[in-house]
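Participant: Predicted model follows, preceded by the sequence.
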Amino acid sequence: MASTTRTLLAFFVFLLLHGGIHGITFTVKNNCGFTIWPATLSSAAAPPLQETGFILIPGASAALPAPAKWSGRIWARTHCSTDSSGRFSCLSGDCGTGTVNCSGSGGAPPASLAEFTLDGADGKDFYDTSLVDGFNLPVAILPDAAGCNATSCAVDVDRGCPPGLRETSAAAGGAVIGCMSPCVAFREDEYCCSGRYNDPKICKPTNYSMVFKRACPQAYSYPYDDATSTFTCVGANYVISFCP
Ligand SMILES: *[C@@H]1O[C@H](CO)[C@@H](O)[C@H](O)[C@H]1NC(C)=O
Ligand SMILES: *[C@@H]1O[C@H](CO)[C@@H](O)[C@H](O)[C@H]1NC(C)=O
Ligand SMILES: *[C@@H]1O[C@H](CO)[C@@H](O)[C@H](O)[C@H]1NC(C)=O
């Protein structure tokens with residue numbers, strides 16, 4: 001009897017952890033050789049996840065449950081520290097709250113994004129990696145369900161970053177710590193797909209967006225890059241791996 005109860009309990013814990021009506025689990029993993037501070041931002045319609053900012057030392061990972069219909073983004077901050085007055089800040093991906101928690105604030109570009117819309121059209125999860133806000137770290141999304149594809153921007157885009165897009169930091173010894181998107185760097189409608197370019201038929205890849213696309217063919221390189229950058233899956237939990 002006790003063992004039947006345990007089996008049932010194990011079954012319900014399994015259901016809880018593996019989606020169904022109770023949502024899914026994101027596992028955020030740090031494969032970088034340095035400490036990162038991942039952050040999560042829910043879209044307006046979705047509740048915040050249990051953690052909106054946390055530390056991961058090299059090799060560490062953290063499990064984050066998400067409700068069935070969650071949508072939002074996950075990125076990682078680098079070169080973070082706390083100053084003498086107790087204010088926390090990061091040279092890359094900072095969310096400006098002064099604490100490790102982002103609490104509803106997004107990250108300053110450039111930052112590579114892992115984006116999700118769970119249980120969207122036809123009950124599918126939609127996910128992508130995006131460089132529309134620029135690049136700061138390689139990132140991969142790995143679904144654990146059979147038949148679903150991983151997507152990633154697995155290379156260090158900083159290395160091939162065009163001169164006008166390089167984000168350097170004096171505090172990091174002048175190192176390139178990110179690669180800005182042309183939209184962020186130049187604020188032109190052609191790059192941002194805004195103004196008269198706010199139309200997928202008019203806003204096309206540019207010589208700048210193609211630098212990102214060549215480096216990371218699966219990632220969004222400009223706002224209307226959906227055809228090659230959006231992935232779908234049903235019934236998975238997801239690993240979000242930085243420096244995969
Ligand atoms: C950050 O969020 C965690 C989890 O919600 C909470 O336990 C912690 O107290 C928060 N820390 C700060 C500094 O707000
Ligand atoms: C996964 O990728 C393969 C090869 O590109 C494709 O044929 C297949 O339809 C993809 N699967 C899903 C679920 O998108
Ligand atoms: C893109 O084209 C513009 C205009 O011709 C040029 O100034 C810029 O250097 C080019 N950038 C890259 C990355 O090729």
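Facilitator: Received the coordinates, thanks. Please read all numbers here as calculations on a predicted model, not as lab measurements. Ligands and ions are numbered 1, 2, ... in the order given.

Participant: so what's the closest residue to Tyr220 other than its chain neighbours bridging to?
Facilitator: Spatial nearest neighbour of Tyr220, excluding adjacent residues (C-beta to C-beta, 6 or more residues apart in numbering): Ser130 at 4.0 Å. In short, each C-beta sits where N, CA and C put it, glycine included. Assessed by DSSP bridges, Ser130 has beta-bridge partners Leu113, Tyr220.

Participant: before we move on, what about the one 10 residues further on?
Facilitator: Counting by DSSP bridges, Ala140 forms beta bridges with Ser152, Ser241.

Participant: which residues touch Ser209?
Facilitator: Applying C-beta atoms under 8 Å, 6 or more residues apart in numbering to Ser209 gives the contacts 181-182, 191, 221-222, 225.

Participant: Might one say that Ser92 is in contact with Val176?
Facilitator: No: in this structure Ser92 lies outside contact range of Val176 using C-beta atoms under 8 Å: 10.4 Å.

Participant: Which neighbours do these two have in common?
Facilitator: Common neighbours of Ser92 and Val176, counting by C-beta under 8 Å, 6+ apart, are Glu167.

Participant: Which residues of the chain lie near ligand 3?
Facilitator: Residues of the chain found near ligand 3 (C-beta under 6 Å from any ligand atom) are 162, 207-208, 211.

Participant: ok, Ser92 and Val176, which is more surrounded?
Facilitator: Ser92 (26 against 16; other C-beta atoms under 10 Å).

Participant: What residues does that one make contact with?
Facilitator: Counting by C-beta under 8 Å, 6+ apart, Ser92 touches 77-79, 108, 110-111, 136-137, 167, 169, 177-178.

Participant: And the strands in the chain?
Facilitator: Using DSSP state E, the strands assigned to the chain run over residues 24-30, 37-42, 61-66, 71-82, 88-92, 113-117, 125-130, 139-143, 151-153, 166-169, 175-179, 231-233, 238-242.

Participant: Nearest to ligand 2: which residue in the chain?
Facilitator: Distances between the chain and ligand 2 by C-beta to the nearest ligand atom are smallest at Asn149, namely 3.7 Å.

Participant: Measure how buried the closest residue to Tyr224 other than its chain neighbours is and give me the count.
Facilitator: The shortest distance from Tyr224 to any non-neighbouring residue, by C-beta to C-beta, 6+ apart, is to Pro200 (4.1 Å). Neighbour count for Pro200, taken as other C-beta under 10 Å: 13.

Participant: Contact partners for Pro200?
Facilitator: 193, 224, 226.

Participant: what does Ser181 give?
Facilitator: Neighbour list for Ser181: 109-110, 131-134, 165, 191, 208-209, 212, 222 [criterion: C-beta under 8 Å, 6+ apart].

Participant: can you do 6 Å?
Facilitator: Residues near Ser181 by C-beta atoms under 6 Å, 6 or more residues apart in numbering: 132, 134.
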